[in-house]
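Undergrad: I would like to see how this sequence folds:
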Amino acid sequence: MKKSLLALAVLGAFASAASAQSSVTVYGKVDVGVVHESGSVPVTNPGGAKRLQVQSGVTGGSRLGFRGVEDLGGGLKATFVAETGFCADQNNGGSGGYCSGGGSFMGRQAFVGLSGGFGAVTLGRQYAPSFIVVTTIDPFGTGTAAQISNLFDVGTAPGDPRVNNSIIYSTPNMGGFTATVLGAAGEQVGNWRVGRTLGASAVYSAGPVYGAVSYHRRENVLLNDDKTLWNVGGTYDLGFVKAHAIYQHTENPGTGGSATNRTAYGDVDQYMLGASARFGAATVMASYVVHNDKGANNFDARQIGAGAMYSLSKRTSLYAAAAKISNKNGAGYTVGNASTPAGIGNRALNLGVVHNF
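TA: Presented below is the predicted three-dimensional model:
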């Protein structure tokens, strides 16, 4: 009897160890807010028409995801992520009915890879390293009306910072330093450079300091035209307040563009200065963003934004945010949010609730 009990105990221990070697986590986010947009914008909204909506994904797209890891032994692990967007308001999803992720099932992220002492290699649809840097430094995390991406170019295409067909290598953490390199195939017949994407970042994160530089290049996006982004910035936690700052230079060789085209040709310098402070369960944020167009169009713009989040629990928060853009020389930049990258006016107010699970 004792031997049988001992055998069962040993088998139970082995079963527990085996089950601990692999796991799949279900996670997600449900975000719904009230969005009020107004303000005159040349060309697209010269009359200053107003719009009131209930939108899904104002701070960040509502999503459902699966994250898994399997221990292969010897420190080697297999990992995967499969994440799809959905519309909690069932109205502003666009193509395919998804509020984020390009209108595709599992279109937010979908990748698989290996990790170990060498770092990690992942393949699939993934965030660009430059976007990770920008969204980490932005006090609003590239969400709400005050998001930096109203005036910054943050990804492979306006409103989509993910890269298809990508391979990413990330180094292990070396005393706070990490580096990431991305390469993505354009997969065009006859010219392997058409649509190719390259990217990289170097980050130092330790204690109160986060500092980073990043590079992102999209090749032959429009008629053999290349676009290159350079970023440098960081945050510093002073205890009572955190300072945020970033500079971005965008290279757009070519001619043309329009007041409403965020990828308008001509080099652009962009800056953001911001701050965030925590008061108990509340976090208050503010930022000032500058878009300095050095091309012939000279489409300049400035944005001022402010907001707050109040944590009701570890998973649920209330939020409020507002922003205003001042366009110059006929520029037509609008105040959007994570759900709708381009709004209709140069002013917007958001109020909502977000739950993470």
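Undergrad: unless I'm mixing things up, residue 31 is touching residue 56, no?
TA: Yes - using CB atoms under 8 Å, residue 31 is in contact with residue 56, at 6.5 Å. In short, each C-beta sits where N, CA and C put it, glycine included.
Undergrad: Which residues are in contact with each of these two?
TA: Residues touching both residue 31 and residue 56 (CB atoms under 8 Å, 6 or more residues apart in numbering): 62, 88.
Undergrad: residues near residue 297, how many?
TA: Neighbours of residue 297 under the rule other CB atoms under 10 Å: 19.
Undergrad: In a strand, it, correct?
TA: No - looking at residue 297 with DSSP: H, G, I helix; E, B strand; the rest coil, it is coil, so not inside a strand.
Undergrad: which regions of the stretch 251-357 of the chain sit below the pLDDT cut-off?
TA: For the stretch 251-357 of the chain, applying pLDDT under 70 flags the ranges 253-265.
Undergrad: if we go to 80?
TA: In the predicted model of the stretch 251-357 of the chain, residues 252-266, 340-341 satisfy pLDDT under 80.
Undergrad: So which residues of it form strands?
TA: Taking DSSP state E, counting those that start in this stretch, the strands of the stretch 251-357 of the chain run over residues 268-279, 282-293, 301-311, 316-327, 347-356.
Undergrad: will you turn those strands into JSON lines that also has mean neighbour count and distance to residue 199?
TA: As requested, those are arranged in JSON lines below (neighbours: other CB atoms under 10 Å; distance: least, CB to CB, whole Å):
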{"stretch": "strand 268-279", "mean neighbour count": "18", "distance to residue 199": "18"}
{"stretch": "strand 282-293", "mean neighbour count": "19", "distance to residue 199": "22"}
{"stretch": "strand 301-311", "mean neighbour count": "20", "distance to residue 199": "25"}
{"stretch": "strand 316-327", "mean neighbour count": "20", "distance to residue 199": "27"}
{"stretch": "strand 347-356", "mean neighbour count": "20", "distance to residue 199": "27"}
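Undergrad: hang on, residue 131 in a helix?
TA: Yes - the assignment for residue 131, made by three-state DSSP, places it in a helix.
Undergrad: Could you check how far the closest residue to residue 302 other than its chain neighbours is from residue 134?
TA: Excluding the flanking residues, the one nearest residue 302 by CB to CB, 6 or more residues apart in numbering is residue 326, at 4.7 Å. Between residue 326 and residue 134 the distance is 22 Å, computed by CB to CB, to the nearest Å.
Undergrad: Make sure residue 181 is actually in contact with residue 199.
TA: Yes - proximity of residue 181 to residue 199 meets the contact threshold set by CB under 8 Å, at 7.4 Å.
Undergrad: list the residues that contact both of the two?
TA: Common contacts of residue 181 and residue 199, defined by CB under 8 Å, 6+ apart, comprise residue 129.
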